[in-house]
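**Student:** build me a model from this:
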Amino acid sequence: MINSSEIMSFLLGPLVIWLPLVFSLMIISILIIKRIFNNFKIVKLLKLNSLTPKKLVVVTFIFIFLFNSLLTGLQYYVWHSSAFSKFFLPPFQPLSYFTGYAYHHFWLASILSLVVALAFFGILQLIRKYKQDTISSDEIFLAALACLLVSWPRAIILIPLFFLATLLNGVIIFLFFKNKQINIFWPIIISAVITLFFGQYLLYVLGLGVLIV
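**Tutor:** Below is the predicted model:
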């Protein structure tokens, strides 16, 4: 029979470590399945077609809020359960001490991810404003979604990777298919996957490890 200590050990270990990555890969997988198998019955049966990038942004917001709330609650539990760290909590310390700790360790990265996502969204909106046939509205939300999925500070690696992937994609399409129309779906997806798995390494290589909060 599973006891409470085993549950907490799981929550504080594998779940906290792997859940964000699993969620991000699940969202990316849904986007890829929709793209490749859009007309298949299974896609229509599961109603994956209804999951637009805009809706997935909302789903991701909810996940981030719930996950950060879980981390905050677990941190409070850990401190409260320890004979030493309970002195970091009221009545020994003001509640602001704990909330400040939780904000810096659990919420700040998400807020910065949102700022980068909004900036990326704005840049692509400007591009679309002056050249509407280049980027669709769904693709702009997809780009913002990618920033939220990879999180801060990997989001700042995602953006240059995306522009590089878009440039290479445009060159390949033009050279081999003589098509000047640029589609940014695959550059976003490829950039997001690379950033998820190698973003941390690239941050240190580029000397940006200090941005990790």
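
**Student:** what does residue 136 show for phi and psi?
**Tutor:** Backbone torsions of residue 136, given as degrees, to the nearest 10, read phi -90, psi 170.

**Student:** where does the nearest residue to it once chain neighbours are set aside fall, secondary structure wise?
**Tutor:** Nearest residue to residue 136, sequence neighbours excluded (C-beta to C-beta, 6 or more residues apart in numbering): residue 128, at 7.9 Å. Any C-beta I mention is one placed from the backbone N, CA and C, and that applies to glycine too. Assigned by DSSP states H and E, residue 128 belongs to helix 108-130.

**Student:** tell me how far that helix lies from the chain's centre.
**Tutor:** With C-alpha atoms, centre = their mean, to the nearest Å as the basis, helix 108-130 stands 13 Å off its chain's centre.

**Student:** which residues outside the helix or strand just after it are in contact with it?
**Tutor:** Proceeding N to C from helix 108-130, the next assigned helix or strand is helix 137-150, under DSSP H and E. The contact list for helix 137-150, computed with C-beta atoms under 8 Å, 6 or more residues apart in numbering, reads 23-24, 27-28, 31, 52-54, 56-57, 60-61, 64, 113-114, 116-118, 120-121, 124-125, 128, 155, 157-159, 162, 184-185, 188-189, 191-192, 195-196, 199.

**Student:** quick one: buried ones out of these?
**Tutor:** Buried members of the contacts of helix 137-150, counted by 16 or more other C-beta atoms under 10 Å: 23-24, 27-28, 31, 53, 56-57, 60, 64, 113-114, 116-117, 120-121, 124, 128, 155, 157-159, 162, 184-185, 188-189, 191-192, 195-196, 199.

**Student:** gap between the one residue sitting closest to the centre of the chain and residue 51?
**Tutor:** Centroid-nearest residue in the chain: residue 149, 1.1 Å away (criterion: C-alpha atoms, centre = their mean). Distance, residue 149 to residue 51, by C-beta to C-beta, to the nearest Å: 14 Å.

**Student:** what does residue 212 give?
**Tutor:** 31 Å.

**Student:** neighbour-wise, which of these two wins?
**Tutor:** Set residue 212 next to residue 51 and count neighbours by other C-beta atoms under 10 Å: residue 51 wins out with 16 against 12.

**Student:** name the nearest residue to the more buried one, sequence neighbours excluded.
**Tutor:** That would be residue 30: by C-beta to C-beta, 6+ apart, it lies 6.0 Å from residue 51.

**Student:** so the one you found makes contact with residue 59?
**Tutor:** No. Applying C-beta atoms under 8 Å, one finds residue 30 not in contact with residue 59, separated by 9.7 Å.

**Student:** got any residues that touch both of those two?
**Tutor:** Overlap of the contact sets of residue 30 and residue 59 (by C-beta under 8 Å, 6+ apart) consists of residue 51.

**Student:** quick revisit: mark which of the contacts of helix 137-150 are part of helices, please.
**Tutor:** 23-24, 27-28, 31, 53-54, 56-57, 60-61, 64, 113-114, 116-118, 120-121, 124-125, 128, 155, 157-159, 162, 185, 188-189, 191-192, 195-196, 199 (DSSP state H).

**Student:** right, I'll leave it there.
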